[in-house]
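here's my sequence, what's the structure:
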Amino acid sequence: MKDIFGKALLDYQNGNYTEDIITATSISEDDILPLDYLFRSYSDMPKLEQKALQLAKGSVLDVGAGTGSHSLYLQGKGFSVKAIDSSEGAITVCKLRGVQHAKLLPILEETETFDTILLLMNGTGIFQTLQELPNYLKHLKTLLNPNGQILIDSSDIKYMYQDEDGGYWHDANANYYGELDYFLSYKNEKEIPLKWLYLDFNTLAIAAASIGLTCEKILDGEHFDYLAKLSV
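Next up is the predicted model:
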């Protein structure tokens, strides 16, 4: 990985902002991801994220922390928070912004245990594919303290396959419709494509139940998205 995402965050943090990140997926055209949105405060966060932060308890692991916005809010409320990300640039920005415990670490290499694990901003994306989903959930389960919780959000993107007549054009023999290739570019440099997973709630709930986790929908968002809580 070239860590183009991290480079963009560092540019913004260091006052070198000139343009935004461009994203696309295997089923959607180029879209702009404004860098300032990634540095948002609590008041500018979607209701799903605000609700997740309200539900946080005990020691917290912020997975895919990005610029550390969620970690900083909870840290300011007195929580013990560990922020992890696979982007070196993102972790550098977390530290520059004041996150006290930020580490460059893929989630599957985490070994500490927590009372709350946050996976926000389509947290299911890091699972990559439906096939890998049980492996990630099993690992997350091992990171939970007794009575711990995983707060995770995602979107049911089935609507993106809907035609004008109300039917769906997704090939039933193809992979799960939420498995996408994710493309990112910044300042004319392109990142290596990522595998990214959007999950409908029922599929997440079934996968969670298969490894002994309960799955409760906490809140529906404004555009086919939802917040869920997983617990033992």
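
C-alpha only now, for contacts and for neighbours.
Fine.

give me the neighbour count for the nearest residue to Thr113 once chain neighbours are set aside.
Leaving aside its sequence neighbours, Thr113 sits nearest to Leu143 (C-alpha to C-alpha, 6 or more residues apart in numbering; 4.3 Å). For Leu143, the neighbour count with other C-alpha atoms under 10 Å is 21.

tell me the buried residues in the helix or strand hosting Lys51?
Assigned by DSSP states H and E, Lys51 falls within helix 47-55. Going by neighbour count (16 or more other C-alpha atoms under 10 Å), the buried part of helix 47-55 is 47-49, 52-53.

which residues does it contact?
Helix 47-55 is contacted from outside by 42, 70, 74, 118, 120-121, 151, 153, 219-221, 226-227, using C-alpha atoms under 8 Å, 6 or more residues apart in numbering.

which elements pack onto whatever helix or strand Ala208 lives in?
Ala208 is located in helix 201-210, with elements delineated by DSSP H and E. The contact analysis (3 or more C-alpha pairs under 8 Å, 6 or more residues apart in numbering; DSSP states H and E) places helix 201-210 against helix 133-142, strand 214-220, strand 225-231.

and that helix, average pLDDT?
Here helix 201-210 scores 98 as its mean pLDDT.

check stretch 5-16 too.
The model assigns stretch 5-16 a mean pLDDT of 98.

check contacts around the residue nearest to Ser154 when sequence neighbours are not counted.
In space, and not counting its chain neighbours, Ser154 is closest to Asn122: 4.3 Å by C-alpha to C-alpha, 6+ apart. The contact partners of Asn122, taken as C-alpha under 8 Å, 6+ apart, are 152-155, 198.

a markdown table for the residues you listed, including distance to Glu112, secondary structure and pLDDT?
What follows is the contacts of Asn122, written out as a markdown table (distance: C-alpha to C-alpha, whole Å; DSSP: H, G, I helix; E, B strand; the rest coil; pLDDT from 0 to 100):
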| residue | distance to Glu112 | secondary structure | pLDDT |
| --- | --- | --- | --- |
| Ile152 | 19 | strand | 98 |
| Asp153 | 22 | strand | 98 |
| Ser154 | 25 | strand | 98 |
| Ser155 | 28 | strand | 97 |
| Tyr198 | 26 | coil | 97 |
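
please spell out the PyMOL selection for the buried subset of the residues you listed.
A single PyMOL command is used to select the members of those judged buried by 16+ other C-alpha under 10 Å:
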select buried, resi 152+153+154+155+198
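
format the contacts of Asn122 as TSV; extra columns: distance to Tyr186.
What follows is these, written out as TSV (distance: C-alpha to C-alpha, whole Å):
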residue	distance to Tyr186
Ile152	27
Asp153	26
Ser154	25
Ser155	25
Tyr198	23
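
which helices and strands does the helix or strand hosting Leu10 pack with?
If you go by DSSP H and E, Leu10 is part of helix 4-13. Judged by 3+ C-alpha pairs under 8 Å, 6+ apart, helix 4-13 is in contact with helix 88-97, strand 179-186.

quick one, it and helix 88-97 angle?
Per axes from the mean of the first three to the mean of the last three C-alpha atoms, to 10 degrees, the angle that helix 4-13 makes with helix 88-97 is 30 degrees.

so after helix 4-13, what's the next helix or strand?
Per DSSP H and E, the helix or strand that comes after helix 4-13 is strand 21-25.

tell me what angle that next one forms with strand 179-186.
160 degrees.

which residues are in contact with whatever helix or strand comes next after strand 21-25?
Once strand 21-25 ends, the next helix or strand along the chain (criterion: DSSP H and E) is strand 28-33. Strand 28-33 has contacts (C-alpha under 8 Å, 6+ apart) with 20-24.
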